[in-house]
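S.K.: Build me a structure from this.
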Amino acid sequence: MKRLLICLSVLFYHVYFSQVASGGEPTTSFSIPEEIAKKFNYEKRNNENNSVIAPEFPGGINEFRKEFANNFDTSALEKIKGQVSTIVYFSIETDGTISQILAQGDNADFNEEAEKTVRSLKKSWVPAKKDDVPVRYIFQLPIKMQFE
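M.R.: Have a look, this model is predicted:
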């Protein structure tokens, strides 16, 4: 049940934070918070963001959801009760590797497990592109779980 909740959270991320351009390519439709951009030493593109083609996980977003859910260890979170949430930010570099991971939420243990899970996913992404040139991209992943 807990893995299902993780999968649904990841699914809603993709639906909420992405759009398809008229050419059929997924593009960004959100802005990275200024504090995150600074921590990641990331040059915000603001108005240009809509022309960046989003990165893609090998096998697509469904494969990413599946791998994330399979690697998330809820046993380390047995003391948590109720709903917890976090937003995991990670940088996808021009070569498709993940270089920085930061989770921001109210529960430090949940944040740590979310970061650990992203770190455990070793597949390289197809990098984001702007004008057919690979660019660095900060991926935003909101996660919510209900513990009983």
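S.K.: How about Val126: what's its closest non-neighbour residue?
M.R.: Residue nearest to Val126 in three dimensions, not counting chain neighbours: Glu56, with 4.4 Å by Cβ to Cβ, 6 or more residues apart in numbering. Every C-beta, even on glycine, is put in place using the N, C-alpha and C of the backbone.
S.K.: Tell me if I'm right that that neighbour and Trp125 touch.
M.R.: Yes: judged on Cβ atoms under 8 Å, Glu56 makes contact with Trp125 at a distance of 6.4 Å.
S.K.: Who has more neighbours out of these two?
M.R.: Trp125 (21 against 17; other Cβ atoms under 10 Å).
S.K.: thought the more buried one was touching Gly59?
M.R.: No: the pair Trp125 / Gly59 is not scored as a contact, 10.8 Å apart, by Cβ under 8 Å.
S.K.: separation between Thr97 and Glu78?
M.R.: Per Cβ to Cβ, to the nearest Å, Thr97 is found 32 Å from Glu78.
S.K.: between the two, which one's more packed in?
M.R.: Comparing Thr97 with Glu78 by other Cβ under 10 Å, the one with more neighbours is Thr97, at 13 against 9.
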